[in-house]
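**Student:** let me see the structure of the following:
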Amino acid sequence: MSTKKNAQARLGFKTGEHIVYPSHGVGRIMAIEEQEVAGFKLELFVISFEKDKMTLRVPLPKIASVGMRKLSETNIVEKSLETLQGRARVKRTMWSRRAQEYEAKINSGDLVAISEVVRDLYRSDTQPEQSYSERQLYEAALDRMARELSAVQDLTETEAIKLIEQNLLKGPRRGPAASKAAEEVDTDVEEEEEEAA
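**Tutor:** I've put the predicted structure just below:
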């Protein structure tokens with residue numbers, strides 16, 4: 001049996017506010033409820049993740065340990081966009097170890113760390129294809145970053161992804177084939193336009 005609390009705010013968070021839950025991304029606090037569990041009264045944040053069609057109930061005492069936080073400030077958003085423009089830093093370790101590190105960064109909820117994953121796994125049209133697991137991690141990081149940017153800057157997710165991609169394109173060319181492949185881009189574009197017509 002649960003009853004909704006009259007209180008609109010707890011621990012600096014309030015109902016209706018967007019938050020970042022590290023392992024799931026951006027959600028919205030729908031309510032603060034009180035439930036009785038094993039004879040103890042427990043206050044819970046009810047958090048909705050619309051895109052995932054999921055609702056979490058998180059006990060207030062667990063908020064700090066799970067790393068739930070408010071949306072990033074403007075300066076953090078700017079730093080994450082600048083990070084995208086940097087040179088990819090790919091360690092020369094086995095893919096399984098790098099994949100674990102990328103996964104940890106994505107689930108950290110740290111916007112700048114997530115932008116590092118997006119930058120490091122990004123492939124332009126002129127670069128070799130990604131493996132399936134690289135693509136999955138890239139898309140997970142891109143999705144997390146786009147959701148937070150869209151919430152902070154009041155953009156649609158599509159607009160946020162375009163903003164991310166514009167910043168990625170400002171970065172240095174990656175890969176030895178980039179300059180050679182750049183010459184071939186014009187013919188590829190013409191072929192695609194002919195196919196589309």
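**Student:** which other residues reach the helix or strand residue 82 falls within?
**Tutor:** Using DSSP states H and E, residue 82 sits in helix 74-84. Helix 74-84 is contacted from outside by 72, 111-112, 114-116, 118-119, 122, 145, 148-149, 152-153, 163-164, 167-168, 170-171, using CB atoms under 8 Å, 6 or more residues apart in numbering. Quick note: C-beta positions are derived from backbone N, CA and C, even for glycine.
**Student:** quick one: name whatever helix or strand follows that helix.
**Tutor:** Assignment by DSSP H and E places the next element after helix 74-84 at helix 95-108.
**Student:** which helix or strand lies directly C-terminal to the top strand by length along the chain?
**Tutor:** Longest strand in the chain by number of residues (criterion: DSSP state E): strand 25-37. Sequence-wise, the next helix or strand downstream of strand 25-37 (DSSP H and E) is strand 40-49.
**Student:** and that following strand, which strands flank it?
**Tutor:** Within its sheet, strand 40-49 is paired with strand 25-37 (antiparallel), strand 54-59 (antiparallel), according to DSSP bridges.
**Student:** longest helix anywhere in the chain?
**Tutor:** helix 132-153 (DSSP state H).
**Student:** which strands and helices sit next to that helix?
**Tutor:** strand 25-37, helix 74-84, helix 95-108, helix 111-121, helix 157-169 (3 or more CB pairs under 8 Å, 6 or more residues apart in numbering; DSSP states H and E).
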